[in-house]
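>>> Return a 3D structure for these sequence lines:
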Amino acid sequence: MSRTWKIILFSAIGVFVLCVAGFVGGIFFVIGKATDAPKAATADFLSALEAGNVTAAYGMLCTDVQERYDSAAFAAYVEKNAPTAHKFEWGGSYSNNGGYEEATINGSITTKNGTSKHDFQLVKERGAWKQCSDPY
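Got it, this is the predicted structure:
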């Protein structure tokens, strides 16, 4: 193979690698931006629980979960399993199916029993992201 062809081949490989890297980076950027608001809503929810503000946290639950847990049952659950800290992993997932927006935020919660992983399911109701899985 001549020197010219080697230069062309290596240049083409370099351009291909840069294009793939840009595409992958773009995907990470889009996913990261799409999950910013749900992640912030989850942080607000957990911070309210960690501060003992069960009433505020209850208001951050979706309608479906509020129908399964009245405020007294939710408060009793939180009292037994009160989180003391939380941490989120990068990214998560987001979907919009005909205007029905939902997201999943992955993280971990620390309680008196230790640290466990949890996937927070959220839906957008009346313009606000609400927790829509078992509380934690």
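
>>> Bridged to the most centrally placed residue in the chain, which residues?
Closest residue to the average C-alpha location of the chain: residue 105 at 1.9 Å, with CA atoms, centre = their mean. Assessed by DSSP bridges, residue 105 has beta-bridge partners residue 120.

>>> Could you tell me which residues make contact with it?
35, 38-39, 42, 88, 92, 119-120, 122 (CB atoms under 8 Å, 6 or more residues apart in numbering). Where C-beta positions appear, they are placed from N, C-alpha and C, glycine not excepted.

>>> mind listing what the spatially closest residue to residue 115 that is not a sequence neighbour touches?
Closest residue to residue 115 apart from its sequence neighbours, by CB to CB, 6 or more residues apart in numbering: residue 108 at 5.3 Å. Neighbouring residues of residue 108 by CB under 8 Å, 6+ apart: 86-87, 89, 115-118.

>>> The residue nearest to residue 87 when sequence neighbours are not counted: which element?
Computed as CB to CB, 6+ apart, the closest residue to residue 87 that is not its neighbour in sequence is residue 108, at 5.1 Å. Assessed by DSSP states H and E, residue 108 sits inside strand 100-111.

>>> Please identify the buried residues of that strand?
101-107, 109 (16 or more other CB atoms under 10 Å).

>>> export these to CSV and tack on distance to residue 4 and pLDDT?
Conversion of these to CSV gives the following (distance: CB to CB, whole Å; pLDDT from 0 to 100):
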residue, distance to residue 4, pLDDT
101, 53, 97
102, 54, 97
103, 51, 97
104, 51, 96
105, 52, 96
106, 50, 94
107, 53, 93
109, 60, 94
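
>>> which of those lies closest to residue 13?
Closest approach between the buried residues of strand 100-111 and residue 13, by CB to CB: residue 106, at 35.0 Å.

>>> who's in contact with the closest residue to that closest one other than its chain neighbours?
In space, and not counting its chain neighbours, residue 106 is closest to residue 89: 4.4 Å by CB to CB, 6+ apart. Taking CB under 8 Å, 6+ apart, we find residue 89 in contact with 106-108.

>>> quick one: the strands in the protein?
Secondary structure of the chain (DSSP state E): strands at 85-88, 93-97, 100-111, 114-125, 128-131.
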